[in-house]
Each structure stands twice: as structure tokens, then as C-alpha cells.
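> Just a sequence and a predicted model for now, questions to come.
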Amino acid sequence: MSEVFRDTEAPLGRPEAPRGTRWIRWTVVVVLVVPSIWAASGLGISMQRILEAPADMWRIIRPMLRPDFSYNQVFERTLPKVMESLYIAWIGTIVGALFSFLLSFAAAKNLSPRWLTFLVRNLFNAIRAFPELLLAFIFLPIFGLGAWTGTLAIGLHSIGTLGKLSSEVIEGIDPGPLEAIHSAGGRWPSVMRFGVLPQVLPTIVAYWLYRFEINLRVSAFLGVIGAGGVGAELVSQLRFRNFPAAGTVLLVTICVVLIIDTVSSMIRRRIITGKAGEEGPTELFDEPAAVGVL
Amino acid sequence: MTQGARPAPPKKSAVPYLAVAAVIAFTVFAARQVGFSLSQIVNNFQTARDFIGRFFPPDWAWAKENVPGPMIETIQIAIIAAIIGCSVALPIAFWASKLTANNRWVYYIDKWFLNVIRTIPDIFWAMLFVTGIGFGAFAGVLALIMFSLSIMGKLLSETIDSADPGPLEAAKATGAGHTQAVQASVLPQVMPNYVAYALYIFELDIRASTVLGIVGAGGIGRVLEAQRAFFRFDRIMAIVIVIFVIVFLIEQVSVFVRRRLV
Amino acid sequence: MIEFKNASVTYRGGVRALRNIDLTIHDGEFVVIVGLSGAGKSTLLRAVNGLVPVTKGSVLVDGKEVAGASTADLREIRSHVGLIFQTFNLVIRTSVLNNVLMGRLSKVPLWRSTLGMWPEADREIAMQSLERVGIVEKAYVRASNLSGGQQQRVGIARALAQEPKVLLADEPVASLDPVTSHIVMRDLQRINRELGITTVINLHFLDLARAYGKRMVGLQAGELVYDGNIADVSDDTFREIYGRAITPDDIMEMQG
């Protein structure tokens, strides 16, 4: 198309609307509506239940809004259990961090042979497919009720998620410094210490912290099946319809989680400040394919 | 050319060492609290081996009859929750971004709301809804809607924060109302991300849905809990394998579609 | 008609972007505004449609007060004022036509614009705007696939689709090469002549100002220091407005 002053020429004809757009719209509608109808009919949720739901919920939430602040409830029942969840999450994350860290090098395509990365990566994927609750479920008969089962479940699952993320961080490093160390005569311990670790540690540690935040929530509910933590307390209070006490449990849990979240975010921010002040990972990074979309 | 005086080396602070020491101390303390015991693992190896034997062979005959129904219910719960949760999350995400919130109040209240919702694990939501409206899939759907909402709200609002504000200024300059301007100028920018997040959240919902039934919120979890009570680990193994396969398949599809969105 | 009456803009932090501006622009005029970067040109333009509110004095568009106008009134004023940006500000993910239709946002209800169900009349106006700037054949092309000059013309079409009484252009050609800049300036000139739309253009390059301007307004450090016919403008005038000698950076034909 020439860039000549236009209004001395006869105007060009208007183009036709492309047919593609209609087709896309219909596909989207079909993809969304058909499964919804299938799902909704299968679940058999009547209109009446939907309309009654807010009132039903308010009936139990209202008493929760006046939590039971008695010494017994807060300090003898709730707080110790919340702390137990904290310990479970902490140890679970540490276990997950340590093992995943070691294994991630085996899973990194730029540091390990093909067969090994294939093995370890699929090991990570296999572990990751199991939600922590399911793992705890399986461990219960083996390790018994209590915090240790929960810790193992969280630890194992974390190895899977952290392992995948860490190996991807390692794969993304700049090979330049590694070459420089090689050519200066350094052998692989030096390459690791001065070339690989400084590049990957900040991001990986940030992932550990973020995982800890998530694991805290997980350990809170693992108690529901008896794997330790505050979940069991919530279950029993709800079962006995002791709503003020349940409110206390929720309140304390929310507070502790918020505190940990805030502290963890601050630390993550400081660790990553080298990288233009990003906040570091968010839930997004649990599935790096989504990172690519950004 | 003469150089200036050499700079003094940065003061070595004790803080990092103290921090590391504190962390280690806390870890040891916590380990004791949870009953960390390597010896227990070793001792239990034999018992573990016995137990593992009880997981195999998986009871497929029983599974063929009793798994498909609840499993389908699980998937249905996840589908509805993902669709409703992600849809409702759209306005919530826009209100939670400084770029597109109508005013300061809306922004702060919405952010606070999202933060609180995020702290409550999905299982707790399920327990609350089960207590309030009764056992069954409805409670599960509601719980996962809150779950999906909270994740989409956070992810999408952060994406909106980094969107190009130029087109929004242009839209406002034409005299469009706030919502119209946002929908015409910012929404198209974040659409691909929104779809990618929705697929990701659907994956999460499927995984979460499999276990919600343990607290009575419908789906295969109910069956798992029942079988656990009867110590039928061979049946539990069958269920677990089915879950694994389905989650894996859905994950592959989701990753595939998301890659094509790039 | 646009009137500035003793208008001042002071940003938070104390920066005085505009000081006591008194300026009247009549319907159908073609005005270029020159001045150094930071002299207040962008602020002046954005004060007209309220994107930057004046902190003192008043700005009137067709007798309606912009400063302190209610949200509804502000939208009404803005719907008659088209703004063209240096960085085009198109939604690059969507088609040219959808971008131009944004000019009609204030005239259609929310549900129509959300679902993309624009009335036939509005589509027609959008198409005609594209024809007027000469790129209607690109109507369904994704905006990101256009060159800079083409994107700016889409920006102009978007403003035209508003059927505005006033056209404001904030350094519309600063990101374009000389040949395309001339095309865009000529388009703006032609629109002003054929449609009688009041046109106010911020310009960075002095040769462009001389070539296309009819009336020229000069800003220096937020103050109005010159207002007169382009024919009376000499190099000395520019030197006074700029407060320094003219450099090749100020002349477009001397770029690159």
C-alpha cells in the first residue's frame, strides 16, 4: 500500500468481516455451556437449595462471629493445635526442600544425562499428582494417627512440587559464569559454588518460603483425618455445633496464616530484590506452563 | 594516576548468623513436637511392607461397580465450581487492582476480602458448607467456588496491575463510563491470561474435589473414607490409581491448551 | 469553543505545570502548541477534557465548566472531545475496527459494548471514520500488525468516530518517521478543513509547526508566552518561546 496522500484516489472497498470470529464465539459458548448443563443436572442441585443456602450459612456463621475467647478454648485447645500445624508445615517444608534440592540437580537437563532427568522428573510428577490429603490417607495405617503422618505427607508432596520448580530454575541459568569458572581451571565443586548456586539459590529459597505458606494451610486441614494439627479441633467443634468455638479456631488459624504470609512475603521480597524488586513466586509458579503464557 | 583511599570493608553483622541459629533451633524444636523419628520409619519398615501388601492387588471388580459414579460426581463438582468461581472472580479481580478499581474504598475492601478468603483452606470451606447446608455435592461446589475465586482473584488482579494503562486512558477520554472503559481496553489485554488461569484452576479444582468428599462434600472422597473405615486398602488403591490417571489426563490436556495460548 | 480562564495546574508534590493560562480557541480553529518538554503542553491538552483537573481557575468547553464537573457531565464533555496520543494507545490484541468502535463507547449501553453487539449505525460511523483516514481495508486486521503510522491513523479514526466537536492531539507524530508524519499532519489538516472540527495539536518539531499551523501558541514553564498567527512567526519567536537557541533536534527534517 503506497503512503501517498489518499483523498485524491477513489476509496477502496470495505473488507468483509472474517467468518472466523463467529465460529470462535460459538465454540466458547459450547465448551462452557454443555459441560455446565451436564454437570449441573448430574449433581441434582435444586433451585430451592440454592435459594435457601445463604440463610442456612448465615445461621451457622452468625454464632461464629462471636468467637469463644475463653482461656480454655484459645490457649489450651486452639493455639497448641495451630502451633502443631505450624511445626508440621515447617518440618514438612524443610524435608521437602532438602530432598528436592538434591534431586533437582539430577533432574536438570543442563546438568544431568537424559535418562536420569527423565526418571527423576517423572518421579516428581508422580508424587505431585497426589494431593497431600490423599498421601496422608495412605500413610495413616502405616505411621498411625498424629503429626508425624501429616509431616510425611506434606514432606513427600513438597519434594514433588519443589523438585519440579527447582529443576526448572536450574535449567534456566546463564551458562556464561560456568564457562568462565571452567576456563579459569575450576572443577565442579567450584562451578557449583560460584557458578550455579548464586544464580539459583535466591529463587529456589523464595519457592521454599512460598511452599511453606501453602503447607501451613495444608497442615491445618490434614488434622481433619487425624494427621495432626488444628483440623481435628475444627471438626469436633463443628460436629458438636459449638459455633463460637469453631469461630475461635478459624480466627486464630486465619491470624497465624496471615502473619506467616506477611513475614514470608517480606523475606521473599528481600531475597529477590536483586531482580528488580519482584515479589517472587506466587501460586502461578506451581505450574510453569502458565508462566510461559505470561 | 593515584587511586583514592581503599574503601573500608562492609561491617560484618551478626544478624545472618543469629537468623540461621534461630532457624536451626526452631527446626529442632518443631521436629520434636511432630514426633520426628527416623527410627520410627526404620522400625516401621516391616510393618510398612505388610501394609503395602494389603494395598495390592487393587480390587478392580469392586471398583468397576462403585467408582465411576462418585468419580463422575467429583468431576462435575469441579467443572461447575471452576466455571462459576472463575466467572464471579472477574469483577472481583478488577476491583482488586489499583488500575481498574472504581475508587479507593472498593479497592481496599476487595483486597482485604481476597486476603481473608485465601487464608481459609478449601477443606475448611467444605466443612463449613457441609455444616451449614448439609452433606453432598452442593457443599463441595460452594467450597470450591470460594477456592477458585480466591486464586483467580489474586492471579488476575496481579496481571491487571501490570497491564498497559494507555488504552484505558484513551477509552476514558472518549467519555465512556468506568466499567465500559475497563471492559473495552483492559479486558482484552488480560484475556489470554484469564483463560490460562481458568484452565490451571480447573486442574486444581479436580484435585481438590477428589478429597473434599472425605468431609462429606460429595464425590469420590466419601467412598475413600468409607473404605478406610473398613480397612479395605486394596479398594483404596484402585480408587487412588483411577484418580491419578484422570488427574494426569486432565493435566495433559490443560497444559496442551495453555501452551497453544502463548 | 474552548476557554481557559486563569487556569493553573499544580501537581501533587508541588510541580506547577500550568500557570494562569488565559486562552480562547474558537470553533473550527487549527491551533498548534509548541514548547520545550515539560513546558505544560500535555497538561494543557488534558485539562480540556478533564484527564488532568485544573487546581485553580476554570476551563470551559462550549460554556460547560470542566473543573469540578460531575462524573456524568465530564463524560458528556469528553464524548465531544477526541484525544489522539503520541503512543497511539490502541488495544493491540484486537482488530482495528474494534479499536475505532471504542470511540462510540459513550453512545451505547454497557451490555452492547461488552458482547460486541454494536448497532449498525455505530458500525457505519466507525467504517466511515476509517475511510476518512484511508485505511478501511485494514478494518479486521489485528492492531499489532500495523505500522506506527497506520496505528496513529486508527487513533485518529477512533477520535473521529466520536463525532467530536474538538480534536486534541498530543504530539501525534513524535513516534513516526518524517514521511508518515507529513501524511498524518495533512490528514489532521484536511479533517479540520472538511469537517470544521476545532483542532489543537501539540508539536515537538518546529518545522512541522511552521508548515501546518495556522495559529500558534507557545508555552514556557507552564506560562503562555506567545499567541499569534503562524505567518508572523520567525526563528526569533521560537528562540524566545524555548528560552534557548534552536537545535537540529527541534527540526524534524534533520532527524535520523
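Nice, I can see it.
> ok, for A:Leu134, nearest residue in space, not its chain neighbours?
The shortest distance from A:Leu134 to any non-neighbouring residue, by CB to CB, 6 or more residues apart in numbering or on different chains, is to B:Val211 (6.0 Å). Using the backbone N, CA and C atoms, a C-beta is placed for each residue, glycine as well.
> Tell me, how many residues neighbour that neighbour?
As a burial measure, B:Val211 scores 29 neighbours (other CB atoms under 10 Å in any protein chain shown).
> which residues sit in contact with it?
Shown in contact with B:Val211 (CB atoms under 8 Å, 6 or more residues apart in numbering or on different chains): A:Pro131, A:Leu133, A:Leu134, A:Phe137, B:Ile123, B:Gly221, B:Leu224.
> Just the local confidence number for the fifth one, please.
This means B:Ile123. On pLDDT, B:Ile123 comes in at 87.
> again with the third one
The predicted structure scores A:Leu134 at 83 on the pLDDT scale.
> after whichever strand or helix holds it comes which helix or strand?
A:Leu134 is part of helix A:132-143, with elements assigned from DSSP states H and E. Following helix A:132-143 in sequence order, the next helix or strand is helix A:147-171 (DSSP H and E).
> That following helix to helix A:132-143, inter-axis angle?
Helix A:147-171 and helix A:132-143 are oriented at 130 degrees to each other (axes from the mean of the first three to the mean of the last three CA atoms, to 10 degrees).
> Could you list the buried residues of the helix or strand following helix A:147-171?
Sequence order places helix A:175-183 as the next helix or strand after helix A:147-171, per DSSP H and E. Residues A:Leu178, A:Ile181 are the ones in helix A:175-183 that count as buried (16 or more other CB atoms under 10 Å in any protein chain shown).
> Show me what the next helix or strand after helix A:175-183 is in contact with.
The first helix or strand that comes after helix A:175-183 along the chain, using DSSP H and E, is helix A:188-190. Residues outside helix A:188-190 that contact it (CB under 8 Å, 6+ apart) are A:Ile181.
> give me the beta-bridge partners of C:Ile33?
Beta-bridge pairing for C:Ile33 (DSSP bridges): C:Asn202, C:Val217.
> and it, how many neighbours?
Per other CB under 10 Å, the neighbour tally for C:Ile33 reads 29.
> residues touching it, list them.
Neighbouring residues of C:Ile33 by CB under 8 Å, 6+ apart: C:Lys41, C:Leu44, C:Leu45, C:Val200, C:Ile201, C:Asn202, C:Leu203, C:Met216, C:Val217, C:Gly218, C:Leu219.
> Now the first one. Nearest residue, chain neighbours left out?
It stands for C:Lys41. For C:Lys41, ignoring the flanking residues on the chain, the nearest one in space by CB to CB, 6+ apart is C:Asn202 at 4.2 Å.
> okay but that neighbour is in contact with C:Leu208, surely?
No: using CB atoms under 8 Å, C:Asn202 is not in contact with C:Leu208, being 10.9 Å away.
> In terms of neighbours, single out the busier of these two.
Between C:Asn202 and C:Leu208, counted using other CB under 10 Å, the more crowded position is C:Asn202 (26 against 23).
> so what's the more buried one up against?
Counting by CB under 8 Å, 6+ apart, C:Asn202 touches C:Val32, C:Ile33, C:Val34, C:Lys41, C:Ser42, C:Leu44, C:Leu45, C:Ala169, C:Asp170, C:Glu171, C:Pro172.
> Okay, now the unreliable bits of the chain?
Looking at chain A here, since you left the chain open. A:1-12, A:20-22, A:274-294 (pLDDT under 70).
> right idea, wrong chain: chain B
Under the criterion pLDDT under 70, the flagged ranges of chain B are B:1-2, B:39-48, B:51, B:262.
> Do you have the helices of it handy? List them.
Along chain B, counting by DSSP state H, helices occupy B:15-34, B:38-55, B:60-66, B:68-95, B:104-119, B:122-133, B:137-161, B:166-173, B:178-185, B:187-212, B:220-229, B:233-261.
> With distance to A:Arg59 as added columns, please give those helices in a markdown table.
Shown next, in a markdown table, are the helices of chain B (distance: least, CB to CB, whole Å):
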| stretch | distance to A:Arg59 |
| --- | --- |
| helix B:15-34 | 37 |
| helix B:38-55 | 42 |
| helix B:60-66 | 34 |
| helix B:68-95 | 23 |
| helix B:104-119 | 20 |
| helix B:122-133 | 7 |
| helix B:137-161 | 14 |
| helix B:166-173 | 43 |
| helix B:178-185 | 35 |
| helix B:187-212 | 22 |
| helix B:220-229 | 24 |
| helix B:233-261 | 34 |
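> Ok, which of those helices comes nearest A:Ala232?
Nearest to A:Ala232 among the helices of chain B is helix B:122-133; the distance by CB to CB comes to 11.3 Å.
> burial measure for C:Val9, as a count.
Neighbour number of C:Val9 under other CB under 10 Å is 24.
> Could you list everything it pairs with in the sheet?
With DSSP bridges as the rule, C:Val9 is bridged to C:Leu18.
> residues touching A:Leu234, list them.
Contacts of A:Leu234 (CB under 8 Å, 6+ apart): A:Gly223, A:Val224, A:Ala246, A:Val249, A:Leu250, A:Thr253, B:Phe124, B:Met127.
> That one: what secondary structure?
Here A:Leu234 is helix, with the state taken from DSSP: H, G, I helix; E, B strand; the rest coil.
> I'd like to know how far it sits from chain C.
Per CB to the nearest CB, to the nearest Å, A:Leu234 is found 41 Å from chain C.
> Who are the packing partners of the longest helix along chain C?
The single longest helix within chain C, with elements called by DSSP H, is helix C:178-195. Under the contact definition 3 or more CB pairs under 8 Å, 6 or more residues apart in numbering or on different chains; DSSP states H and E, helix C:178-195 sits against helix C:148-161, strand C:166-170, strand C:198-202, helix C:206-212.
> which stretches of the stretch 1-150 of chain C aren't confidently modelled?
Scanning the stretch 1-150 of chain C for pLDDT under 70 picks out nothing.
> Show the residue spans covered by the helices in it.
Remark: helices assigned in the stretch 1-150 of chain C by DSSP state H, counting those that start in this stretch are C:41-48, C:71-79, C:96-101, C:110-115, C:120-133, C:148-161.
> Dump those helices into TSV; add distance to C:Asp235 and mean neighbour count as well.
Supplementary listing: the helices of the stretch 1-150 of chain C in TSV, determined by distance: least, CB to CB, whole Å; neighbours: other CB atoms under 10 Å in any protein chain shown:
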stretch	distance to C:Asp235	mean neighbour count
helix C:41-48	20	23
helix C:71-79	38	18
helix C:96-101	40	26
helix C:110-115	49	14
helix C:120-133	33	19
helix C:148-161	29	25
